[in-house]
Structure formats: structure tokens, C-alpha cells
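Colleague: Mind folding the following:
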Amino acid sequence: MNEVVNGILTADQLKIALSGRIDSVNAREVEEAIMKLAADAADRQIVLDLEQLSYISSAGLRVLLHLRKINPTLRLINVGSEVYEILDMTGFTQMMDVEKAYRVVSIEGCEEIGRGANGTIYRIDQDNVVKVYNNADALADIQHEREVAKLALILGVPTAISYDVVRVGNSYGSVFELLNARSFSKIIASEPEKLDWCVQEYVKMLKIIHSTVVPEGKLPDMRQTVLGWVDFMQDHLPKEAWEKLAALVEAVPHDDHMLHGDYHTKNLELQNDEVLLIDMDTLAVGHPVFELASIYNSFIGYSEYDHSVILSFQGFDYETGRTFWNKVLAAYLETDDPARIREVADKARIVGYTRMIRRSIRRKGLESEKGRAEIALWTKELLELLDKTETLLF
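Modeller: Predicted coordinates:
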């Protein structure tokens, strides 16, 4: 039987669940029941839960329009695929807030294949992976990542594109098809003889990214992000050192070339002899020194005090990470000159240490013995580098 199921009234909203079908036979009855419940809702938002609604006709759509007139913030949630298709074709998804129902995916027992600032990637079967977002209200984040990944693909950067959005526990995830793909981290850990090949392909992809010019305003400016980190550091560095750091970053010119922002070996996948970039939510534009800083942190910086960190994160040991970083930087700069490599590495380390110190302090690093030791080490290195560096450009 078609019915309006209980209305649940809270301080902020009235939630009404609909089930069965709404068509010309029962549309008037349904509308009367909804309006009776709405009469007690005062100025509260009305939310219709359509999880159990299997069909809605044009008569039912008119009920929604009438309801929207008296409650302009009307929201529809848990909308099944068939009903969502009707709402989408008739323009209702543009007129009101419509949240599609998402299939549920479990990651219990699944292999972790990648981890970034905003989420973790798991293999859920032989063909597919899911990126689970840290933010429980991640739909806007997912939409952003899908848009920037599409932009990167259009601009010629090989990347996987999400084809589905799912519920994972209390959060959301994006599903990607990565058939039998293996991360570069796994290749390096299990086949160390392929390290030089991984370096070559890693740098090749990095140069594709850094040679890609992004239309103005499409991606955030990494320089502005780093200036925010610098502002945070004002209370944690000597005055002269902070002023030097701020001047160095401010002197880096705007650059419209693409940066990945989290470019480590877990975010590069080999699929059927094709290298694909994943985890695209950190895409930005800017000078490559900002990218190199992130790369340094991934392979050395975060593990500089505790060498076991990289093993738990990347799956290979600290010495392998250090070797990989040095080989990557030499290949990227196309030089074997140790002085040149060290010069550029030091510039990247200035930005890298700034990021790590800020991150640790924000995560209450000063409240633990290990955190204080890490911050002290990174601060010491940063101050020494600032004393001898006059520009971040190379």
C-alpha cells in the first residue's frame, strides 16, 4: 500500500519517509498526508526520505512542486536510481536538493593500496578500488576530485576516473576501475631490481604533470597555500628566520603549470603496461619547488626521525626511500652534479620542513615526546637551510 510513513520532527527539520508508488491514483491522498504533517513543522526544513519509493509519476512530481512552494529548502534524500532518473530527466535535480541513494561497500579485509591527505584507497576486488574519504560529509570533496581528475585527463595527464560514488561505513567513497593494477610502492618493495625503471617512469609522469598548463582559475594556487603555512610558523620561529622564510616564498612567482600535490609511489599505478596517476584531490598549480617539497617529505622528511615511518606507509625501508629520492631528483634535473642536486634538494626541504612542522603542531605534536623530538629536528634543519638560502627558484 502507498503511504506517507511517520514524520519525524526535530528542532531543525521535518523528515518524512515515502514508500511504494506515487501516481495519479494516490497523489492527492499522499499530498494531504504530507501537508498535514507539514502544518506542524513551522519554519523547519522538510526532508523527504525516498529510500522505499519505487516510482513517481507526473502527478507525484506535482506534489513535490506544491510542497516546494511552501518549503523552498525542500530536500530529497536516499533517492533510488529509478526515481532519481525520473527526477533528473524532468529537471527536478536542478530545482531542489536531491541526494541519490548510494550502494554500500565494505572494506573489511581489503588491501590498502594508497593513502593521501584526504583519504585512503583500498582494492575491493580484482578490477576495482575505492577511495574512502576521511571527511564523513565528503560528497563535495568527491565532486571536486572528479572534476579536477577529468580536467587533468582532458589536458593529457593519464589518470583513473571515478565511475561510481558509494557509502563506506559512515563516510563516502569513489570507485575506480584499476584492473590488476600495482602501485609503484608495491613494485619497489617486491621487485627491488625494478627501482631504476620506477624512477624513470616516475620522473616521466612528473614531467608530464609539470609541463601541463592549466587554464586560469581551474586549480588552487599552491603558493597561496604555502604562504598560509608560513603565516602559521610566525609563532614557532625566531623573528628573523620567519621573515626570511616569508620573503623566500613571497618571491616565488605565480605559475600556471600543474602540480599533483601528493606525488608519491602509492599514487602511481601500473595497469597493463600503462602508468596511471591516482588520488587527484590535491591538484594545484605552482612552481615545481612546492611539488619537490612534498616528494621529499614522502620519502625522507616524515621518516627522518623515525625511520620505520616509511616502511608502514610506502612498504619499503628508509634507505630505499632515500635512494629513490636522490635518483628521482637527479633524473628530474637531468644532472649528476652533486652540488646542483643538493642545492635544489635544500630549497625543497625548506618548504617541506615548513609543512611538516605546521602539520605536527596542528596534530598536537608538541604534546608527545616523539612529536617534540621530530619538531625540534625539523626546526633545526629549517633554520640551518634558511641561513644559507637566498632563493627557492631553480
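
Colleague: From what I see, Glu111 and Asp125 are in contact.
Modeller: No. Using CB atoms under 8 Å as the test, Glu111 is too far from Asp125 to be in contact (10.7 Å). Quick note: C-beta positions are derived from backbone N, CA and C, even for glycine.

Colleague: Show me the chain divided up by domain.
Modeller: Domain segmentation of the chain under automatic domain parsing yields 3-100, 111-177, 182-388.

Colleague: Tabulate the ones you listed (TSV), appending mean pLDDT.
Modeller: Below are these laid out as TSV (pLDDT from 0 to 100):
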stretch	mean pLDDT
domain 3-100	89
domain 111-177	89
domain 182-388	97
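
Colleague: of those, which approaches Phe394 most closely?
Modeller: In terms of CB to CB, the element of the domains of the chain nearest to Phe394 is domain 182-388, at 4.9 Å.

Colleague: Do a quick rundown of the strands in the stretch 201-350 of the chain.
Modeller: For the stretch 201-350 of the chain, the strands defined by DSSP state E, counting those that start in this stretch occupy 258-259, 268-271, 274-277, 284-285.

Colleague: Repeat that for the stretch 51-200 of the chain.
Modeller: Going by DSSP E, counting those that start in this stretch, the stretch 51-200 of the chain shows strands at 75-79, 97-100, 111-115, 119-123, 128-133, 164-168, 171-177, 182-183.

Colleague: would you list those in a markdown table and tack on distance to Ile209 and mean neighbour count?
Modeller: Shown next, in a markdown table, are the strands of the stretch 51-200 of the chain (distance: least, CB to CB, whole Å; neighbours: other CB atoms under 10 Å):
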| stretch | distance to Ile209 | mean neighbour count |
| --- | --- | --- |
| strand 75-79 | 37 | 19 |
| strand 97-100 | 32 | 17 |
| strand 111-115 | 17 | 17 |
| strand 119-123 | 19 | 23 |
| strand 128-133 | 19 | 23 |
| strand 164-168 | 25 | 18 |
| strand 171-177 | 18 | 21 |
| strand 182-183 | 17 | 19 |
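
Colleague: Determine which of those strands approaches Glu390 most closely.
Modeller: strand 111-115 (35.8 Å).

Colleague: starting at the chain centroid, how far to that closest one?
Modeller: 14 Å (CA atoms, centre = their mean, to the nearest Å).

Colleague: what helices or strands is that strand leaning on?
Modeller: If contacts are counted by 3 or more CB pairs under 8 Å, 6 or more residues apart in numbering; DSSP states H and E, strand 111-115 sits against strand 119-123, strand 128-133.

Colleague: could you redo the last one with a cut-off of 10 Å?
Modeller: strand 119-123, strand 128-133, strand 182-183, helix 184-190, strand 268-271 (3 or more CB pairs under 10 Å, 6 or more residues apart in numbering; DSSP states H and E).

Colleague: Which of those sits closest to His307?
Modeller: With CB to CB as the measure, helix 184-190 is the member of the helices and strands packed on strand 111-115 nearest His307 (15.4 Å).

Colleague: Just the CA coordinates for the closest one, please, in CSV.
Modeller: What follows is helix 184-190, C-alpha atoms only, in CSV (Å, rounded to 0.1, in the frame of the first residue of the first chain):
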residue,chain,number,x,y,z
PHE,A,184,54.9,1.7,-7.7
SER,A,185,55.4,1.2,-3.9
LYS,A,186,54.5,-2.4,-4.2
ILE,A,187,56.7,-2.9,-7.3
ILE,A,188,59.7,-1.3,-5.5
ALA,A,189,59.1,-3.4,-2.3
SER,A,190,58.7,-6.7,-4.1
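
Colleague: Give me the residues contacting that helix.
Modeller: 111, 113-114, 182-183, 194-195, 197-199, 201-202, 205, 264-270, 275, 310-311, 313-317, 320-321, 323-324 (CB atoms under 10 Å, 6 or more residues apart in numbering).

Colleague: at 8 Å what do you get?
Modeller: 113, 194-195, 198, 201-202, 264-266, 268-270, 314-316, 320, 324 (CB atoms under 8 Å, 6 or more residues apart in numbering).

Colleague: Would you mind measuring from Ile77 to Gln45?
Modeller: Noted for Ile77: a distance of 11 Å to Gln45, by CB to CB, to the nearest Å.

Colleague: got it, and Lys36?
Modeller: 18 Å.

Colleague: Please apply the same query to Ile350.
Modeller: 49 Å.

Colleague: Tell me which of those two has more neighbours.
Modeller: In terms of neighbours (other CB atoms under 10 Å), Ile350 is the more surrounded of Ile350 and Gln45; the figures are 21 against 16.

Colleague: ok, now which ones touch that one?
Modeller: 245, 248, 293, 382, 385-386, 389, 392.

Colleague: So which of those are in helices?
Modeller: 245, 248, 293, 382, 385-386 (DSSP state H).
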